[in-house]
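Enquirer: Sequence and predicted structure, then a few things I'm wondering about:
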Amino acid sequence: MASATLYVDVECYSPLLDPDGLVINDPDGFAIEVLSGWVDITSDIRTSVPVSYSTGNPNNDIEARTADEGVLRLAYDNSASNGEGLAGLYSPDHVNADECFVQNQPIRIRLVSNAITYYQWRGSISTIEPSAGSYGERVTYVEAVDFMRYFYETDFTNVNVQTNKRDDELLTTLLTQLPRQPENTDFDTGNDQYTYAFHDETNGTSHIITVIQKMMMSGLGKLFVRGGTTYSETLTYINRQNIFDPGSAVAALDNNMVGLQLIRDESSVVKKVSVTTYPVQIDSTDVILWQLNTPLQVDPGIPKTFTMSLRDPDGRATKVAALSLVDPVADTDYKFSSVSGSGNDLNADLDFSYSDGTNSIDVTVTNNSTKVGYLWYFFPRGKGVYLYEPVPTSKLTGQSFGKTLSIDMPYQDDEIVGTSIASLYSGWFSVARSNITSCKIIGNKSDALMTAALTVQPGDYVTIKEDQTGIDTGFIVNGIDKELIPIGDGVLVNATWYLCQAQIVTGFILDVSVLDTDLLGV
């Protein structure tokens with residue numbers, strides 16, 4: 001019987017000190033805190049409560065391309081039997097509370113088997129729930145979420161329209177918007193160079209995860225957070241070529257799983273594949289993209305900021321972004337006066353600055369005169385990016401009935417790409433297929449299964465053979481749930497893999513010269 005040992009580590013934040021031992025504050029007067037390193041708190045984890053965690057995406061439809069927020073659940077010993085011998089150590093409101101035990105405290109899970117450390121999960125504490133009663137169970141239930149939380153919680157704002165960028169380059173740009181960076185990144189080179197990206201976003205109202213999902217649909221790649229033997233947190237982007245042609249299997253199951261979920265129903269039958277691409281139009285010369293309709297009072301020396309939501313001068317496009325904006329020219333683009341509604345005597349005293357942005361831009365104006373001024377005429381110019389009518393491409397699979405598989409590719413502006421992808425998928429779904437959703441293994445049953453349970457990460461390719469159902473094929477692991485149950489000195493490792501059937505294509509060539517070295521993938 002294979003075995004594994006569980007370790008739970010946390011990090012503490014502590015004030016940054018100068019050489020004299022004094023706390024260093026930031027410009028706002030708050031102490032600058034730094035992480036002090038990982039500390040093993042495994043002895044304070046209640047073994048009566050299983051440790052469970054998730055990562056990746058448990059779905060397997062065409063849109064399941066970005067990981068959900070991974071969640072960790074476990075329980076701390078809040079009695080006097082914990083490592084500090086203090087009841088209430090893990091009650092944040094208790095006088096004995098551990099000052100490091102706070103929301104957003106970093107936490108990670110590692111398992112050791114055969115002297116190899118496998119980092120399984122990393123995140124930060126989000127929920128703390130101490131049980132009440134001095135004679136009760138005296139346990140604190142804890143939930144934590146992984147790095148994906150930052151994509152789900154961070155607004156898309158102050159990012160410009162991107163030109164001629166791949167998925168990996170766009171991801172690097174978006175990471176700069178997050179409150180912290182991942183421990184490690186591993187990005188494939190994107191298969192496509194999008195002519196334009198982010199041009200369809202509403203500044204400040206979309207979350208970054210929405211933008212990433214559009215990227216993954218446009219290039220048919222996938223984004224996950226993975227563990228490993230070196231890093232506990234690697235943000236991983238896998239391009240469609242490596243999804244379609246994944247190489248050797250990381251693990252092979254042969255009738256040694258304890259559960260395999262599959263079904264053949266109406267969702268397994270596809271009659272038509274529909275792919276939508278989105279051509280854009282760009283101004284060749286500078287045009288007026290907005291106008292000020294009400295005079296704006298600007299007091300001397302006090303910057304004033306307002307937002308302009310860009311418009312299509314022709315009134316056709318519902319989504320408009322700025323590829324570039326011209327520095328405002330006095331009398332041509334604006335008039336600034338000491339009189340509201342007329343004049344230009346203060347033109348030379350007005351400074352402009354534009355924020356980064358896509359469809360809406362913040363404008364800050366500063367009156368450098370000694371008089372109250374009025375910006376009463378303002379018609380900013382620039383080159384707009386316009387989304388007009390999308391181009392749908394459909395292809396029948398040859399099946400007599402079934403659903404339509406819709407693939408929406410917001411940043412693909414080439415109709416030929418859509419046609420090629422529709423051809424590929426219609427061929428794949430020309431026959432009905434069972435939908436294999438998940439597979440469960442118990443790692444402790446053999447060394448091979450333990451290695452599989454600890455090694456396989458979202459995005460990995462595995463093969464599964466099961467005689468009763470006749471399944472014998474390869475899969476991409478889209479998500480993972482694990483439950484660790486204490487047994488003796490180790491843990492029972494239950495792993496559930498959520499699967500997408502691999503669609504291996506090693507010779508499909510896009511029918512467009514600039515992309516003819518690329519492969520398509522699920």
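Expert: Cool, the structure landed.
Enquirer: same for the host helix or strand of L260, what does it pack against?
Expert: L260 is part of strand 259-263, with elements assigned from DSSP states H and E. The helices and strands touching strand 259-263, judged by 3 or more CB pairs under 8 Å, 6 or more residues apart in numbering; DSSP states H and E, are strand 435-442. Every residue, glycine included, has its C-beta placed from N, CA and C.
Enquirer: Show me what the strand it packs on pairs with in its sheet, parallel or antiparallel.
Expert: Counting by DSSP bridges, the strands paired with strand 435-442 are strand 259-263 (antiparallel), strand 490-501 (antiparallel).
Enquirer: Now do the end-to-end distance for stretch 193-205.
Expert: For stretch 193-205, the first-to-last residue distance is 26 Å (CA to CA, to the nearest Å).
Enquirer: what does it contact?
Expert: Applying CB atoms under 8 Å, 6 or more residues apart in numbering, the set of residues contacting stretch 193-205 from outside is 155-166, 170, 210-211, 214-215, 218, 278, 280, 282, 319, 321, 323, 357-361, 385, 387, 410-413.
Enquirer: For ChimeraX, what selects the buried ones among those?
Expert: Typed into ChimeraX, the line below selects the buried ones among the contacts of stretch 193-205, using 16 or more other CB atoms under 10 Å:
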select :156,157,159,160,161,162,165,166,170,211,214,215,218,278,280,319,321,323,357,358,359,360,361,385,387,410,411,412,413
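Enquirer: Could you list which of the contacts of stretch 193-205 belong to helices?
Expert: Judged by DSSP state H, helices contain the following of the contacts of stretch 193-205: 170, 210-211, 214-215, 218.
Enquirer: For the stretch 251-400 of the chain, which segments count as strands?
Expert: Chain-ordered strands for the stretch 251-400 of the chain, with DSSP state E, counting those that start in this stretch as the definition, fall at 251-254, 259-263, 270-277, 280-282, 287-288, 296-298, 304-309, 319-325, 334-337, 350-354, 360-367, 373-378, 381-387, 391-396.
Enquirer: need those strands in TSV with mean pLDDT and distance to R138, can you?
Expert: Below are the strands of the stretch 251-400 of the chain laid out as TSV (pLDDT from 0 to 100; distance: least, CB to CB, whole Å):
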stretch	mean pLDDT	distance to R138
strand 251-254	97	40
strand 259-263	95	35
strand 270-277	95	54
strand 280-282	89	61
strand 287-288	96	68
strand 296-298	97	62
strand 304-309	94	53
strand 319-325	90	56
strand 334-337	98	68
strand 350-354	96	57
strand 360-367	94	52
strand 373-378	97	65
strand 381-387	92	58
strand 391-396	94	60
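Enquirer: what about these, which gets the closest to I436?
Expert: Between I436 and the strands of the stretch 251-400 of the chain, the shortest gap by CB to CB is with strand 259-263, which sits at 4.3 Å.
Enquirer: tell me how far that closest one is from the chain's mean position?
Expert: 28 Å (CA atoms, centre = their mean, to the nearest Å).
Enquirer: ok, and what's touching it?
Expert: Judged by CB under 8 Å, 6+ apart, the contacts made with strand 259-263 from elsewhere in the structure are 434-440, 464, 466, 469, 471, 496.
Enquirer: Scan these and report the most crowded one.
Expert: For these, neighbours were counted by other CB atoms under 10 Å; the highest total belongs to I464, with 25 neighbours.
Enquirer: Could you count how many residues lie near the residue lying closest to that residue once chain neighbours are set aside?
Expert: Counting by CB to CB, 6 or more residues apart in numbering, the nearest residue to I464 once its immediate chain neighbours are dropped is L253, at 4.7 Å. Burial measure for L253: 21 neighbouring residues, criterion other CB under 10 Å.
Enquirer: show me the contacts for L253.
Expert: Residues touching L253, when contacts are defined by CB under 8 Å, 6+ apart, comprise 439, 441, 452, 462-466.
Enquirer: try P303
Expert: P303 makes contact with 364-366 under the criterion CB under 8 Å, 6+ apart.
Enquirer: Stretch 274-284: which residues count as buried?
Expert: Neighbour counts over stretch 274-284 (16+ other CB under 10 Å) mark 274-278, 280, 283 as buried.
Enquirer: Then stretch 218-236?
Expert: Along stretch 218-236, these residues count as buried under the neighbour rule (16+ other CB under 10 Å): 218-228, 231-236.
Enquirer: Dump that stretch to PDB, keeping only the CA atoms.
Expert: This file holds the C-alpha atoms of stretch 218-236, laid out as PDB (Å, rounded to 0.1, in the frame of the first residue of the first chain):
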ATOM      1  CA  SER A 218     -10.300  33.400 -29.300                       C
ATOM      2  CA  GLY A 219      -7.200  31.200 -29.400                       C
ATOM      3  CA  LEU A 220      -8.700  28.000 -27.900                       C
ATOM      4  CA  GLY A 221      -6.000  27.800 -25.200                       C
ATOM      5  CA  LYS A 222      -6.400  27.200 -21.500                       C
ATOM      6  CA  LEU A 223      -5.300  28.800 -18.300                       C
ATOM      7  CA  PHE A 224      -4.700  27.000 -15.000                       C
ATOM      8  CA  VAL A 225      -2.900  27.200 -11.700                       C
ATOM      9  CA  ARG A 226      -0.700  24.100 -11.200                       C
ATOM     10  CA  GLY A 227       1.400  22.700  -8.400                       C
ATOM     11  CA  GLY A 228       4.600  20.600  -8.900                       C
ATOM     12  CA  THR A 229       7.800  19.500  -7.200                       C
ATOM     13  CA  THR A 230       9.500  22.900  -7.500                       C
ATOM     14  CA  TYR A 231       6.800  25.500  -7.100                       C
ATOM     15  CA  SER A 232       3.600  25.500  -5.200                       C
ATOM     16  CA  GLU A 233       1.900  27.900  -7.600                       C
ATOM     17  CA  THR A 234       2.600  28.100 -11.300                       C
ATOM     18  CA  LEU A 235       0.200  30.100 -13.500                       C
ATOM     19  CA  THR A 236       0.100  28.100 -16.700                       C
END
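Enquirer: chain center to that stretch, what's the gap?
Expert: Taking the mean C-alpha point of stretch 218-236 and that of its whole chain, the gap between them comes to 10 Å (CA atoms, centre = their mean).
Enquirer: pLDDT of it, averaged?
Expert: Per-residue pLDDT values across stretch 218-236 average out to 97.
Enquirer: contacting residues for the residue nearest to S284 when sequence neighbours are not counted?
Expert: Closest residue in space to S284, ignoring its immediate chain neighbours: K383 at 7.8 Å, by CB to CB, 6+ apart. The contact partners of K383, taken as CB under 8 Å, 6+ apart, are 282-287, 322-324.
Enquirer: Distance to M148 for those - can I get that in a markdown table?
Expert: Converted to a markdown table, those look like this (distance: CB to CB, whole Å):
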| residue | distance to M148 |
| --- | --- |
| I282 | 34 |
| D283 | 37 |
| S284 | 41 |
| T285 | 42 |
| D286 | 40 |
| V287 | 40 |
| A322 | 30 |
| L323 | 31 |
| S324 | 33 |
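Enquirer: could you pull out the strands for the stretch 401-522 of the chain?
Expert: For the stretch 401-522 of the chain, the strands defined by DSSP E, counting those that start in this stretch occupy 403-409, 435-442, 461-466, 471-487, 490-501.
Enquirer: Name the strands paired with the first one and say parallel or antiparallel.
Expert: Pointing back at strand 403-409 there. Listed by DSSP bridges, the sheet partners of strand 403-409 and their directions read strand 270-277 (parallel).
Enquirer: quick check: angle from the partner strand to strand 391-396?
Expert: The directions of strand 270-277 and strand 391-396 differ by 160 degrees, with axes from the mean of the first three to the mean of the last three CA atoms, to 10 degrees as the criterion.
Enquirer: Can you report how many residues neighbour V258?
Expert: Tallying neighbours of V258 according to other CB under 10 Å, which is how burial is gauged here, yields 12.
Enquirer: which other helices and strands contact the lengthiest helix in the chain?
Expert: Longest helix in the chain, counting residues (DSSP H): helix 415-428. Counting contacts by 3+ CB pairs under 8 Å, 6+ apart, the secondary-structure elements packed against helix 415-428 are strand 270-277, strand 391-396, strand 403-409.
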